[in-house]
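In: Need coordinates for the below:
(4 chains)
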Protein chains: 2
Amino acid sequence: MLGNPTRDRLAERREASRREIVNAAWSIAREDGLAAVTLREVAARVGMRAPSLYTHFESRNAIFDAMFGQAWRDCVEHMNANLPSTDDLSLREFLKWNTRTFFEFCVSDIARFQLMNQRTIQGFEPSPESYAPSVQALERFREELEPYGLSRQEDIDLYTALLGGLIDAQLANDPGGNRWEKLLDRAVDMYVDGLDLPS
Amino acid sequence: MLGNPTRDRLAERREASRREIVNAAWSIAREDGLAAVTLREVAARVGMRAPSLYTHFESRNAIFDAMFGQAWRDCVEHMNANLPSTDDLSLREFLKWNTRTFFEFCVSDIARFQLMNQRTIQGFEPSPESYAPSVQALERFREELEPYGLSRQEDIDLYTALLGGLIDAQLANDPGGNRWEKLLDRAVDMYVDGLDLPS
DNA sequence: GTCTATATACCGATAGAC
DNA sequence: GTCTATCGGTATATAGAC
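Out: Just a heads-up that it's a prediction; the model follows:
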């Protein structure tokens, strides 16, 4: 039955409705936080009543699940869209690029960051499908570090803690500012200088 | 009227009730998270009905406020109780002590850490009185760094981001484990080596 | 696919008796 | 100071008409 035009149109409309619902959920989350994403409010923004959402999502958490997957796909896309012009970077230069690009993606949308990296919605666990893009992003990062000889788990753990700490501090203590953003290059220099890479 | 024995006993009983309520709230938070701290559940654990709590606290957030203040007072106390045996420490040694001691305090109680350092309860803002101990803790930390010549805001910001990132990573990705705990000394070495202190 | 109506289960907070 | 009773609101989710 693949290629049946009627079914294609139906599938398209169905997918469009899901997209519209997810977009409405994002707009609420950005304005009033993730907790404010209620079925009533989402439905109101797409011109529906709350129960109608169950036609498109099986639960409220299923909406968060779609948002979670999209956030990480967007993150990968954002990294791809901002690749350095040359691929002949030193480790230091690569990490500075990675740090700044990921930092800016996270800081530009607090609600998205909370959904991606914190556990702010109780009872929500991303499904394996939605979790996949985040695993892919981390795996790709590891592969990019490999040529530099940076493959020890402790080295990578220290970097992720440092990067996460900078993002957290910026969002928690100076949202909209640049108090920690301006420390990014220095932080990477400090990190790289402290590395003891295997020959 | 100070020293009136009747009034003293009443004040003591009143304070004991408040303590009991706060303790019940902590036990709920540790077991099921901060969001599970409802007036009904707190009341049940102290053998009351929910409305009776209003005799001791003017609102649910007032309970969180008391918890917030207590958490930071306990933090200061924990740091004091674990002071190094000698006060003749190098900056490196001092920061290693500070990092480990604060890290262990935070990691030992996730709910408390979330209340202290994250914004997980919407609509809750600590009162000035409850906020005071946290300001005091940070101010004291700055004073302890001063003799080492470490007083630039960027230097301190980088340290707080690093420390917070390590704690966050530990709690989020390896709760109960030591994957980031074992990186603490290395992180401080990296940080101190990267400092450029003014003569 | 969307609706109305409702089920079910909570929540924080208040009034007023005792 | 604690209680019962309740207010007024929230939420997710389901049943069944259209």
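
In: do you know how far residue A:117 is from DNA strand C?
Out: Here the criterion is Cβ to the nearest atom of the strand, to the nearest Å. By it, residue A:117 lies 27 Å from DNA strand C. In this view, the C-beta of every residue, glycine as well, is placed from N, C-alpha and C.

In: where does whatever residue of chain A ends up closest to DNA strand D land in three-state SS?
Out: Among the residues of chain A, residue A:51 lies closest to DNA strand D, at 2.8 Å counting by Cβ to the nearest atom of the strand. Assigned by DSSP: H, G, I helix; E, B strand; the rest coil, the conformation of residue A:51 is helix.

In: Can you give me every residue that contacts it?
Out: Under the criterion of Cβ atoms under 8 Å, 6 or more residues apart in numbering or on different chains, residue A:51 has no neighbours.

In: For it, give me the pLDDT.
Out: Looking at residue A:51, its pLDDT reads 97.

In: Could you do residue A:1 as well?
Out: 51.

In: Then residue A:11?
Out: Residue A:11 is assigned a predicted lDDT (pLDDT) of 88.

In: Tally up the residues packed near it, please.
Out: Residues near residue A:11, counting by other Cβ atoms under 10 Å in any protein chain shown, number 11.

In: which phi and psi does it have?
Out: Dihedral pair for residue A:11: phi -60, psi -40, per degrees, to the nearest 10.

In: now it: how far from DNA strand C?
Out: In this view, residue A:11 and DNA strand C are 9 Å apart by Cβ to the nearest atom of the strand.

In: before we move on, what about residue A:189?
Out: Separation of residue A:189 from DNA strand C (Cβ to the nearest atom of the strand) stands at 47 Å.

In: Provide the secondary structure category for that residue.
Out: Secondary structure, three-state DSSP: residue A:189 is helix.

In: and residue A:57, helix, strand or coil?
Out: Residue A:57 ends up coil, using three-state DSSP.

In: Quick check: pLDDT value at it.
Out: If you check residue A:57, the pLDDT there is 97.

In: List the residues that contact the nearest residue to it once chain neighbours are set aside.
Out: Spatially, and ignoring its direct neighbours in sequence, residue A:57 is nearest to residue A:63 (5.1 Å; Cβ to Cβ, 6 or more residues apart in numbering or on different chains). Residue A:63 is in contact with A:21, A:22, A:25, A:37, A:42, A:53, A:57, counting by Cβ under 8 Å, 6+ apart.

In: Quickly note the distance from residue A:73 to residue A:65.
Out: 13 Å (Cβ to Cβ, to the nearest Å).

In: Check residue A:30 too.
Out: 18 Å.

In: So which of these two has more stuff around it?
Out: The neighbour comparison of residue A:30 against residue A:65 (other Cβ under 10 Å) goes to residue A:65, with 20 against 14.

In: touching DNA strand D at all, the helix or strand harbouring that one?
Out: Per DSSP states H and E, residue A:65 falls inside helix A:60-81. Yes: among the residues of helix A:60-81, A:60, A:61 lie within reach of DNA strand D under Cβ under 7 Å from any atom of the strand.
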